[in-house]
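Participant: following is a predicted model, sequence given first.
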Number of protein chains: 2
Amino acid sequence: MNETSTSDRHRVVVVGGGFGGLNCARRLGGCSELEVLVIDRRNHHLFQPLLYQVAMAGLSPAEIAAPIRSLLSGSSNTTVLQASVEGIDVPTKRVRTDRGEFGYDTLVLAAGAQHAYFGHNEWEEHAPGLKTLEQATEIRRRVLGAFERAETEANADERKALLTFVVVGAGPTGVELAGAIGEMSRFTLAKDYRNIDPTHTRVILIEAGPRILPSFAPALSARAMRDLEKLGVQVWTESRVTNIDGSGVTVGAERIATRTALWAAGVQASELSRTLPAEPDRMGRVPVDDHLRLVNHPEVFVIGDQACAKGPDGRPLPGVATVALQQGRYVADLIRALRSQREVRPFRYWDKGQLATIGRRRALLQSGSLKLAGFVAWIAWLLVHIYYLSGFRNRVLVLIQWAWSYATFSRGARLVVEKTWRSYPS
Amino acid sequence: MNETSTSDRHRVVVVGGGFGGLNCARRLGGCSELEVLVIDRRNHHLFQPLLYQVAMAGLSPAEIAAPIRSLLSGSSNTTVLQASVEGIDVPTKRVRTDRGEFGYDTLVLAAGAQHAYFGHNEWEEHAPGLKTLEQATEIRRRVLGAFERAETEANADERKALLTFVVVGAGPTGVELAGAIGEMSRFTLAKDYRNIDPTHTRVILIEAGPRILPSFAPALSARAMRDLEKLGVQVWTESRVTNIDGSGVTVGAERIATRTALWAAGVQASELSRTLPAEPDRMGRVPVDDHLRLVNHPEVFVIGDQACAKGPDGRPLPGVATVALQQGRYVADLIRALRSQREVRPFRYWDKGQLATIGRRRALLQSGSLKLAGFVAWIAWLLVHIYYLSGFRNRVLVLIQWAWSYATFSRGARLVVEKTWRSYPS
């Protein structure tokens, strides 16, 4: 399909239906003099902060995902297209996709990031990252599969390797994964197996830096470390992974025999950035000015994980949902203001603080000078996440699932599906 | 693993964790002089009567599936093994699996059935059946994907083929699928697309026999046909499919151009039956005596879809969940009775009647001389299915989902996941 705008309206193309793109499109929805096209590879918007719960069988995929099409169906000026964007032609103002080319007057790039293996993409096979529902399902399959195989494994060394889980990277995702595996093996699975004792599970969290959760205050990092250790997680800081293969993980001179390694160590902005007339930074992020515009191209905005926007301290803003969300809304307001020739102040991130959770009912909260850990922080974490699930009708279901899991130590979604659907070989 | 019973207890091996196997194992659970081993290829028990709802994005996989391991974790005499059974060695009383061999004193075979293509397994690629969660997810991917592709398709013929859905086989599953596609396109999707009109969707239900739902009374069949037609489904009876490929379905001299065909036309009992000293029938089912035992092998029971047990009229019992469930419980009681040398009457199926649903809020109910159609039958259908979801903690969630869908015409699980989880090519 080759399509140019069919009307005379100003055409905005939004690439990506994550927190940045979706919130930008939503705010442009009511503006009838604009024509908005949202392009995403997937049919769904994903609530990524809860993705680890899908990987750990606490939630089902549909509980944290919703069709972009139906989230935007109320905006009559907005079209949604499921397509892969292959490149941006900035001089001619066109977006190339596998479903045709689309011209724009204003472009909003919010294509996000994926995990990065620092030049070792071959590690991915043995250590999946956690950015998509497919990866979450794969991690669930591996973790639950390891327990299943351990149940019938006669060889003690192999059984030990099956019950060893290595998580690389101790940012919020790594900490959440490690804590959840520790807790799941100790509480949820303990009574289900006859031949293995899931409480003998070894969970090792590996971090290259000097402490876990480095974006939090040192006192909170230390607290998180103690909480993880209570769940049986061993934390190895100042440890750099040098190899990952099918039989284990090498950390400097040490070798950990494991059948399940998970990757939470780094991200890389969308490859789409390379097709832009800009020099991406080390993490592939596109530098933008203080109005989130591409230098020399005020009609192109880049937001969310794909952008390298600077905070007031001159450091890049973190790749978190709230930054993308605020940027998406800001850009929408800016586009509308420009239509009426209004001046708009530069983007400023309103940092409400950060949260991380460690297993069932423990969390960290840091907001300005407020620092909290433990159950109260966990309640705050719960409320914040339920609140931000708005726009998803699944809020009630998620609450029920959690209340149930909390009351019974069970996990509702301990379901493993196979990768193939066919019964007969072709 | 090669394992013989480690105790002197009588060992019962149950193959299959469907309705038959699960209910048999549950009832054997309290019997401490028995040692029970349940083997299934999957980690989950599946509530198959609602599988079409997963395919049609009304429910999530985890809402109709639960780990066999946790469903049986309360029975201390029971072990669960996730393994593929490769064969049965009846003379030496051993079960061969991909995780080793297991000896038995009593064997209960409940390996079920899969869909059959009457010698045309190559059709499967173009017309998936609906027996597993993976297939349900694949069907969902195809149906929703066809609408997505139609949205940007410029060629009118191709767009028409994308919006044509062919369902082969008009038993309960075929009728449920066709009705759900008709309804989904008319109500759920209608407002989400800009360039196509989902109400122009064509759904064709093809049946080789003279009427749909042949197990129901003719008057109910006729009523179901009218209900389907109201949802825009065209019903072609006395029509035999002669070819299915990537571009369409051939029915005698006619050719239907479609990108989405679904198969609900026939089943075949588990291939495992072939390793038994018995002559399976045309559908691969194993003949059993009136106590559900293999002829000449009173220690081997065959139940559910894998068995050909005769009803009082001499005709084989239908392959439905209630038959399997009652047979599972009967065999468990029989095994326990034999331990105490008690006589047991032959198996008798208590036919409570049958139900089929057609889209939102219409159903058929037939029980003895009672025949119902329409909304009242749908309420009965709803209550029966909620009731039988017991043992699943998800009953409340399923109710909420349905209430929500009913109130809003939306479908909660309109989520398409990809088949691959990898970001980087290997």
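Facilitator: Cool, got the structure.

Participant: got phi/psi on residue A:332?
Facilitator: Summarising the backbone geometry of residue A:332 under the convention degrees, to the nearest 10, its torsions are phi -60, psi -50.

Participant: quick check, pLDDT for it.
Facilitator: In the predicted model, residue A:332 carries a pLDDT score of 97.

Participant: neighbours around it, how many?
Facilitator: Close neighbours of residue A:332, defined as other Cβ atoms under 10 Å in any protein chain shown, add up to 25. Any C-beta I mention is one placed from the backbone N, CA and C, and that applies to glycine too.

Participant: ok, residue A:73 next?
Facilitator: 17.

Participant: so residue A:289 makes contact with residue A:295?
Facilitator: Yes - with contact defined as Cβ atoms under 8 Å, residue A:289 reaches residue A:295; the gap is 6.2 Å.

Participant: helices of chain A, start to end?
Facilitator: Counting by DSSP state H, chain A forms helices over residues A:19-28, A:51-55, A:68-71, A:133-151, A:156-162, A:172-183, A:218-230, A:321-339, A:375-388, A:395-408, given from the N-terminal end onward.

Participant: okay, now the unreliable bits of the stretch 251-400 of chain A?
Facilitator: Flagging of the stretch 251-400 of chain A using pLDDT under 70 yields the residue ranges A:390-400.

Participant: could you pull out the strands for it?
Facilitator: When assigned using DSSP state E, counting those that start in this stretch, the strands of the stretch 251-400 of chain A occupy the ranges A:254-257, A:260-263, A:267-269, A:286-287, A:293-294, A:297-302, A:307-308, A:354-357, A:363-367, A:370-374.

Participant: of those, flag the one that's most buried.
Facilitator: strand A:260-263 (a mean of 26; mean count of other Cβ atoms under 10 Å in any protein chain shown).

Participant: from the contact counts, what lies against that one?
Facilitator: In terms of contact count using 3 or more Cβ pairs under 8 Å, 6 or more residues apart in numbering or on different chains; DSSP states H and E, strand A:260-263 is assigned the packing partners helix A:133-151, strand A:164-168.

Participant: then the first one to CSV, C-alphas only?
Facilitator: Looking back up the chat, that one is helix A:133-151. Backbone C-alpha positions of helix A:133-151 (Å, rounded to 0.1, in the frame of the first residue of the first chain) are rendered in CSV as follows:
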residue,chain,number,x,y,z
LEU,A,133,5.3,-11.1,25.8
GLU,A,134,6.9,-13.8,23.7
GLN,A,135,10.0,-13.5,25.8
ALA,A,136,8.1,-13.6,29.0
THR,A,137,6.3,-16.8,27.9
GLU,A,138,9.7,-18.3,26.9
ILE,A,139,11.2,-17.5,30.3
ARG,A,140,8.1,-19.0,32.0
ARG,A,141,8.5,-22.1,29.8
ARG,A,142,12.2,-22.4,30.8
VAL,A,143,11.8,-21.8,34.5
LEU,A,144,8.9,-24.2,35.0
GLY,A,145,10.4,-26.7,32.5
ALA,A,146,13.6,-26.8,34.6
PHE,A,147,11.6,-27.9,37.7
GLU,A,148,9.8,-30.5,35.7
ARG,A,149,13.0,-32.0,34.3
ALA,A,150,14.6,-31.9,37.7
GLU,A,151,11.8,-34.0,39.1
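
Participant: quick one: mean pLDDT for that helix?
Facilitator: 92.

Participant: so does that helix get close to chain B?
Facilitator: Yes - judged by Cβ under 8 Å from any Cβ of the partner chain, helix A:133-151 comes into contact with chain B through A:133, A:134, A:135, A:137, A:138, A:144, A:148, A:151.

Participant: check stretch A:191-204 too.
Facilitator: Yes - Stretch A:191-204 is in contact with chain B by Cβ under 8 Å from any Cβ, via A:191, A:192, A:193, A:194, A:195.

Participant: need those residues in TSV (columns: neighbour count, distance to residue B:46 and pLDDT).
Facilitator: As requested, the residues of stretch A:191-204 next to chain B are exported to TSV (neighbours: other Cβ atoms under 10 Å in any protein chain shown; distance: Cβ to Cβ, whole Å; pLDDT from 0 to 100):
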residue	neighbour count	distance to residue B:46	pLDDT
A:191	14	23	80
A:192	19	18	84
A:193	18	21	86
A:194	16	23	83
A:195	14	25	82
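
Participant: quickly name whichever of those is closest to residue B:45.
Facilitator: Minimum distance to residue B:45 across these is 13.7 Å, recorded for residue A:192 (Cβ to Cβ).

Participant: ok, that closest one - contacts?
Facilitator: Shown here is residue A:192, whose contacts under the criterion Cβ atoms under 8 Å, 6 or more residues apart in numbering or on different chains are A:198, B:67, B:69, B:70, B:73, B:80.

Participant: if you set the cut-off to 7 Å instead, what comes out?
Facilitator: Under the criterion of Cβ atoms under 7 Å, 6 or more residues apart in numbering or on different chains, the contact partners of residue A:192 comprise B:69, B:70, B:73.

Participant: can I get those in TSV with pLDDT and distance to residue B:327?
Facilitator: Supplementary listing: the contacts of residue A:192 in TSV, determined by pLDDT from 0 to 100; distance: Cβ to Cβ, whole Å:
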residue	pLDDT	distance to residue B:327
B:69	90	23
B:70	86	24
B:73	88	24
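
Participant: filter those residues by proximity to chain A?
Facilitator: When contact is defined as Cβ under 7 Å from any Cβ of the partner chain, the contacts of residue A:192 meet chain A at B:69, B:70, B:73.

Participant: out of those residues, who's nearest residue B:233?
Facilitator: In terms of Cβ to Cβ, no member of those lies closer to residue B:233 than residue B:70, at 39.0 Å.

Participant: distance of the closest one relative to residue B:360?
Facilitator: 32 Å (Cβ to Cβ, to the nearest Å).

Participant: and the closest residue in space to residue A:126 that isn't next to it in sequence, bridged to which residues?
Facilitator: Leaving out its chain neighbours, the residue that sits closest to residue A:126 by Cβ to Cβ, 6 or more residues apart in numbering or on different chains is residue A:244, at 4.9 Å. On the basis of DSSP bridges, residue A:244 is bridged to residue A:249.

Participant: quick check, residue A:244 in contact with residue A:124.
Facilitator: No - between residue A:244 and residue A:124 there is no contact, the gap being 9.0 Å when judged by Cβ atoms under 7 Å.

Participant: neighbour-wise, which of the two wins?
Facilitator: The neighbour comparison of residue A:244 against residue A:124 (other Cβ under 10 Å) goes to residue A:244, with 24 against 21.

Participant: distance of the more buried one from chain B?
Facilitator: When Cβ to the nearest Cβ, to the nearest Å is applied, the distance between residue A:244 and chain B equals 13 Å.

Participant: got a list of what that residue touches?
Facilitator: Residue A:244 makes contact with A:123, A:126, A:127, A:261 under the criterion Cβ under 7 Å, 6+ apart.

Participant: tell me the contacts of the residue nearest to the last one when sequence neighbours are not counted?
Facilitator: The reference is to residue A:261. If the residues on either side of it in the chain are set aside, residue A:261 comes closest to residue A:127, at 4.0 Å by Cβ to Cβ, 6+ apart. For residue A:127, the contacting residues are A:168, A:244, A:261, A:262, A:263, by Cβ under 7 Å, 6+ apart.

Participant: in the sheet, which residues pair with the third one? Tell me.
Facilitator: Think residue A:261. The residues listed as beta-bridge partners of residue A:261 by DSSP bridges are residue A:166.

Participant: for chain B, see how far away it is.
Facilitator: Spatial separation of residue A:261 from chain B under the definition Cβ to the nearest Cβ is 15 Å.

Participant: for that residue, what are its contacts?
Facilitator: Applying Cβ under 7 Å, 6+ apart to residue A:261 gives the contacts A:126, A:127, A:166, A:168, A:244, A:249.

Participant: now the last one
Facilitator: With contact set as Cβ under 7 Å, 6+ apart, residue A:263 has these partners: A:115, A:127, A:128, A:129, A:168, A:169.

Participant: out of those residues, which one has the weakest pLDDT?
Facilitator: residue A:115 (89).
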